[in-house]
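Visitor: Sequence below, structure please.
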Amino acid sequence: MMIKYTIKKCNGLIWMEEPMGQEQHRATTRVLDILEHLASEGGAGRTLTELSVALDAPKSSLFPILHTLAQRRYVRLDRETGRYSVGISAYVLGEAYGAGRRESILRRVQELMEQVARRCEEPCQLAILDGENVLYIGKADSDQAIRMISRLGSRLPANATALGKALLSGLEDDEVRQRFSQGLPRLTDHTITDLEPLLAQLKQVRENGIAWEEEESTPHLCCVAVPLRQRGSVFAALSVSMPLFRATPEKREGVSNCLREVASEINTLAEERGISLDIL
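Guide: Take a look at the predicted model:
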């Protein structure tokens, strides 16, 4: 079957745009699935068998891809354990993404997140919406011994997190329904799994500019998040997570005010410097 592409032109640049709904190229998808899975699992690595189970793909299909990625150093094979992990070439590629204008913008956002973590004495996370999931792209840890542990590149269902609710608040209700057409995933007994209560919470987020979740993603943990906007559109969200035993009414109010203040500065930066989804 021949795929028809649309030719786009802007400011002297020319590119081809794939038609909406076009099925993704399977081999390319598997390469990216491997890299994203390894990145989300921290440094422990995964065996070929574990990758096969996690990605629901035959080992015979994954092995030649892993072999090529290892030769190009995008993945590393520990021959003693048989585990694959992210390689140095992936790091170099990631560093190239932050070069130039992106570097200064992302550095400033990271500095603001570190300010939040110091002021609130709790971890601060930055995320974007990826389908029906939250994708963690930034974090600043606190010095607290008991705190939320999150990994860059990891994903969680958006309906189960404050970050996700902040991000979903930027969508119309019909689009939220479409993204969760297969149902709302459950992580804990407190996770919202009915669409109408979720839409009601999103309405409140749009009105108040702040989202909450309590033990919906992790037991004994609560989280508050704010959407980040450029020209009225939500492009990311910022959150602070804390254990319930530290989440006093006074602390909740202080964290909310801190996030609103920093979000306002990032929103201004977004307008002035042009942060958008194509940068994040």
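Visitor: Assign a three-state SS to residue 183, would you?
Guide: Following DSSP: H, G, I helix; E, B strand; the rest coil, the label given to residue 183 is coil.
Visitor: Just give the number of residues close to it.
Guide: 11 (other CB atoms under 10 Å). All C-beta atoms are positioned from the backbone trio N, CA, C, and that covers glycine.
Visitor: so who does the closest residue to it other than its chain neighbours touch?
Guide: Leaving aside its sequence neighbours, residue 183 sits nearest to residue 193 (CB to CB, 6 or more residues apart in numbering; 7.3 Å). Going by CB atoms under 8 Å, 6 or more residues apart in numbering, residue 193 touches 159, 183-186.
Visitor: after whichever helix or strand residue 70 is part of comes which helix or strand?
Guide: When elements are assigned from DSSP states H and E, residue 70 belongs to helix 59-71. Along the chain past helix 59-71, the next helix or strand (assigned with DSSP H and E) turns out to be strand 75-78.
Visitor: quick one: strands adjacent to that next one?
Guide: Using DSSP bridges, strand 75-78 pairs in its sheet with strand 83-86 (antiparallel).
Visitor: Show me what counts as buried in the strand it pairs with.
Guide: By neighbour count with 16 or more other CB atoms under 10 Å, strand 83-86 contains the buried residues 83-86.
Visitor: could these go into TSV alongside pLDDT and distance to residue 170?
Guide: Converted to TSV, those look like this (pLDDT from 0 to 100; distance: CB to CB, whole Å):
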residue	pLDDT	distance to residue 170
83	92	39
84	93	36
85	90	35
86	88	31
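Visitor: and which of the residues you listed is nearest residue 71?
Guide: residue 84 (12.6 Å; CB to CB).
Visitor: Please give me every residue in contact with the closest one.
Guide: 34, 38, 45-48, 51, 66, 70, 75-78.
Visitor: The residue nearest to it when sequence neighbours are not counted - how many residues pack around it?
Guide: Nearest non-adjacent residue to residue 84, counting by CB to CB, 6+ apart: residue 75, 4.9 Å away. Using other CB under 10 Å, residue 75 has 24 other residues around it.
Visitor: quick one: residue 34 from residue 268, how far?
Guide: 39 Å (CB to CB, to the nearest Å).
Visitor: That should have said residue 223, apologies.
Guide: 24 Å.
Visitor: So these two - more neighbours on which side?
Guide: Taking neighbours as other CB under 10 Å, residue 223 and residue 268 compare with residue 223 leading, 28 against 11.
Visitor: For that one, pull up the helix or strand it's in.
Guide: strand 221-230.
Visitor: from the contacts of residue 193, which would you call buried?
Guide: In the contacts of residue 193, the ones that pass as buried (16+ other CB under 10 Å) are 159, 184.
Visitor: residue ranges with poor pLDDT in the stretch 1-150 of the chain?
Guide: Along the stretch 1-150 of the chain, the model assigns pLDDT under 70 to residues 1-23, 42, 95-104, 144-150.
Visitor: residue ranges for the helices of it, please.
Guide: 26-40, 48-55, 59-71, 88-97, 101-120 (DSSP state H, counting those that start in this stretch).
Visitor: Could you dump those helices into CSV and include mean neighbour count and distance to residue 237?
Guide: Output for those, formatted as CSV (neighbours: other CB atoms under 10 Å; distance: least, CB to CB, whole Å):
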stretch, mean neighbour count, distance to residue 237
helix 26-40, 16, 18
helix 48-55, 16, 27
helix 59-71, 14, 32
helix 88-97, 12, 20
helix 101-120, 17, 12
